[in-house]
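Peer 1: quick check, what structure comes out for this input:
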Amino acid sequence: INDRDVTELDQAYVQYKTEKVTAKLGRQALALDNRRFIGTAPWRQDRRTLDALRIQIKPTQALSLDFSYVYKINQFPAKFNDRDANSVLFNSTYNTSIGKLTAYSYLLEDQTVESETDTYGLRFTGGTAGNYALMYSVEYAQQTNQSFDAEYLLLETGLSAAGLTTKLGYERRGSDNGNYTFATPLANAHGYNGWSDIYTNAGRDGLTDLYLLLSGKIDRVALTARYHQFESNFGGIDKGSELDLLATFPIGDNVNFGMKYATFAQGDLTTPDDIDKFWLWLTLNF
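Peer 2: Have a look, this model is predicted:
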């Protein structure tokens, strides 16, 4: 479990804000879209923050522009894994009548380990309203570093009706002929490819994740079940499967109880062994 006994300044910044422009300079929690590429990784006790200049512009009601220059990555655990950076993040969104279109470029330069990764992508999400609400997401990205390139693809659709939500998805983190896998070093990695975190690092052969999600409520208890079937993007390796279960419910007005379980089943013999993880927690709001 990658948490240690540390103390770190979480956020400290100056901000300038008008009706259409917001600018922040300093240490800040920065998250974009669904946090698949840029997030704070809040599952860790010491979340990720960025030392950056961030400028957000909203020229119209439909269009939003988001630009950041990042000069330090405060990675968990505090101070043991911090990185000097020279990175540029650009994200633009446009709301249409059928969904939101996002275009982005994330040009990451980690000066501590001397690595560069450039990612360019498009994302479209939308849905319908009513008693039977349809949801859909499509995303594609291309990534290059000093030597290799890889692709990313996400296809997801879902239906929400009678308090139950069902989603079917396919995510592919591509591989460059087994030499390199599409990387997401600033992602909220725990929320993807299984809660066991077996495939936070997918290895060089890439990863495809075919998953089914069911979520809903029984009285005040919120329930989620998610099943993953993993395979390598290169080499056709069965990389196993995983079942994730989550239940949360309130105890009184200010206390919430949660429990989460992940069970991973090994695929081919070259893949990780079976593993089970179980969490319990209480949250107090005041």
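Peer 1: in stretch 179-196, what's buried?
Peer 2: By 16 or more other C-beta atoms under 10 Å, the buried positions in stretch 179-196 come out as 180-190, 192-196. Bear in mind the C-beta positions are built from the backbone N, C-alpha and C, glycine included.
Peer 1: and it, how far apart are its ends?
Peer 2: 25 Å (C-alpha to C-alpha, to the nearest Å).
Peer 1: lowest pLDDT pick from the buried residues of stretch 179-196?
Peer 2: Ranked by pLDDT, the buried residues of stretch 179-196 bottom out at residue 189 (84).
Peer 1: shouldn't that one be in contact with residue 198?
Peer 2: No. Using C-beta atoms under 8 Å, residue 189 makes no contact with residue 198, being 11.2 Å away.
Peer 1: joint contacts of those two?
Peer 2: Listed contacts common to residue 189 and residue 198 are nil; contacts here mean C-beta atoms under 8 Å, 6 or more residues apart in numbering.
Peer 1: quick one, what contacts the residue nearest in space to the middle of the chain?
Peer 2: By C-alpha atoms, centre = their mean, the chain has its centre lying nearest to residue 36, at 2.8 Å. Residues in contact with residue 36, defined by C-beta under 8 Å, 6+ apart, are 139, 154, 184, 187, 188, 192.
Peer 1: wait, which of those residues is closest to residue 258?
Peer 2: Closest approach to residue 258 among those (C-beta to C-beta): residue 188, at 17.4 Å.
Peer 1: name the nearest residue to residue 255, sequence neighbours excluded.
Peer 2: Nearest non-adjacent residue to residue 255, counting by C-beta to C-beta, 6 or more residues apart in numbering: residue 284, 5.6 Å away.
Peer 1: helix or strand right after the helix or strand containing residue 133?
Peer 2: Assessed by DSSP states H and E, residue 133 sits inside strand 132-145. Heading C-terminal from strand 132-145, the first helix or strand you meet, by DSSP H and E, is strand 149-161.
Peer 1: now that next one: buried residues?
Peer 2: Within strand 149-161, the residues scored as buried using 16+ other C-beta under 10 Å are 150, 151, 152, 153, 154, 156, 158, 160.
Peer 1: how close does the residue of the chain most remote from its centre get to residue 219?
Peer 2: Relative to the mean C-alpha coordinate of the chain, counting by C-alpha atoms, centre = their mean, the farthest residue is residue 252 (31.3 Å). In this view, residue 252 and residue 219 are 15 Å apart by C-beta to C-beta, to the nearest Å.
Peer 1: also residue 96?
Peer 2: Look at residue 96 and residue 219: by C-beta to C-beta, they are 38 Å apart.
Peer 1: ditto for residue 277
Peer 2: Residue 277 is 27 Å from residue 219, where distance means C-beta to C-beta.
Peer 1: and residue 282, that one's in a strand?
Peer 2: Yes. The assignment for residue 282 is a strand, going by DSSP: H, G, I helix; E, B strand; the rest coil.
Peer 1: these two touch, right, it and residue 256?
Peer 2: Yes. Residue 282 lies in contact with residue 256 (C-beta under 8 Å); the separation is 7.1 Å.
Peer 1: look at those two and report which has more neighbours.
Peer 2: More neighbours surround residue 256 than the other of residue 282 and residue 256, with 15 against 9 (other C-beta atoms under 10 Å).
Peer 1: count of neighbours near the nearest residue to the more buried one once chain neighbours are set aside?
Peer 2: Distances taken as C-beta to C-beta, 6+ apart place residue 283 nearest to residue 256, at 4.4 Å, with adjacent residues excluded. Around residue 283 there are 12 other residues, counting by other C-beta under 10 Å.
Peer 1: ok, now which ones touch residue 283?
Peer 2: Residue 283 sits next to 255, 256, 257, 258 when contact means C-beta under 8 Å, 6+ apart.
Peer 1: picking up where we left off before, out of the contacts of residue 36, which is nearest to residue 10?
Peer 2: Comparing the contacts of residue 36 against residue 10 with C-beta to C-beta places residue 188 closest, at 16.3 Å.
Peer 1: so that closest one touches residue 37, yeah?
Peer 2: No. Using C-beta under 8 Å, residue 188 is not in contact with residue 37, being 9.3 Å away.
Peer 1: ok so, going back, ok, of the contacts of residue 283, which one's closest to residue 44?
Peer 2: Distances from residue 44 to the contacts of residue 283, taken by C-beta to C-beta, are shortest for residue 258, at 16.5 Å.
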